[in-house]
Each structure stands twice: as structure tokens, then as C-alpha cells.
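*Asks:* Need the 3D shape of this:
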Amino acid sequence: MQVIEYLKKLLHDLDIICSYSLDPSLEAVLHFVVQFQKLWPDLVARAHLQLLLIQDGKLYERDPIFTVICRAAALPEVLKNRDIQKNEFVVQLGQLVINLLKILCTNAAWQRRKLGKFLQDWLVIYVQWI
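*Replies:* Model prediction:
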């Protein structure tokens, strides 16, 4: 009986992931991941979500993280076309966004351990930027 309940929950979690609209906005992705985590998904579902979200530095394997960040920051087109992508700050920011999404796709205990390091990394970038 427990196996059947487990499989039902797993299928439900995977159904939620697969029915997501793949909205390329960073705010929508973060909101979806946070709401999904409130369901206490299984490891398999969380791993599937992480794989869907981030692959090769791209969101949904199609939108580069740089593009997602530019959209979220509402950067003007002029800045997007320059060599801003190669700027060390932007590269580090992109890596932080990727790490945050990966962290949010894990269980609560692992999140607590990794968020401390994430916040330290964020502080370093913030201090460098000012």
C-alpha cells in the first residue's frame, strides 16, 4: 500500500513539473520552484525539476542565464549587446542564479547547508560591485 501511495505522489509531482508553462521570467521560475517545494516533493521529482531548469548554463536548455538576468533586471538593449556578458560581475551573477536554482531544487536540510555559502558568495559579489 505504501508503494502505491508513493508512486501516486511521485506521478502527481512529475505531472506538476511537466505541466509548467516554461515561462522564461526569473521571477516566475523562482515562484514556481518555491511553490513546488511546499508540496514536499520526492527526490526523483526534485532531480527532474533541476534537470529541466538548468542545463549547460541555460534555463530550460534554451534561454542563456545572461538573457534571463537581463530580462529580470530590465536592462536596455544597448547594454545587452556590448561585452557585458564577459564582465566578471555578470559571469559571477549568472553562476549565482544557477546555484540558487539548484539549491532550491533540493531538500530543506541540504538547502540550509548550501544557502549559507550562497549568501557568502552573494556578499562577495555585492561588495565587489559597490
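*Asks:* Quick one: neighbours of the residue lying closest to Tyr20 once chain neighbours are set aside, just the number.
*Replies:* Excluding the flanking residues, the one nearest Tyr20 by Cβ to Cβ, 6 or more residues apart in numbering is Phe32, at 5.9 Å. Every residue, glycine included, has its C-beta placed from N, CA and C. The number of residues packed near Phe32 is 19, by other Cβ atoms under 10 Å.
*Asks:* And for the one 4 residues further on?
*Replies:* Neighbours of Phe36 under the rule other Cβ under 10 Å: 19.
*Asks:* element containing it?
*Replies:* Using DSSP states H and E, Phe36 sits within helix 26-37.
*Asks:* same question for that helix, mean pLDDT?
*Replies:* Averaged across helix 26-37, pLDDT comes to 93.
*Asks:* do stretch 90-107 as well
*Replies:* Across stretch 90-107, pLDDT averages out at 89.
*Asks:* what are the ranges of the strands in the chain?
*Replies:* Here the chain has its strands, by DSSP state E, at 54-55, 58-59, 63-64.
*Asks:* how about those strands in CSV, adding mean pLDDT and distance to Leu26?
*Replies:* Shown next, in CSV, are the strands of the chain (pLDDT from 0 to 100; distance: least, Cβ to Cβ, whole Å):
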stretch, mean pLDDT, distance to Leu26
strand 54-55, 90, 12
strand 58-59, 91, 8
strand 63-64, 89, 10
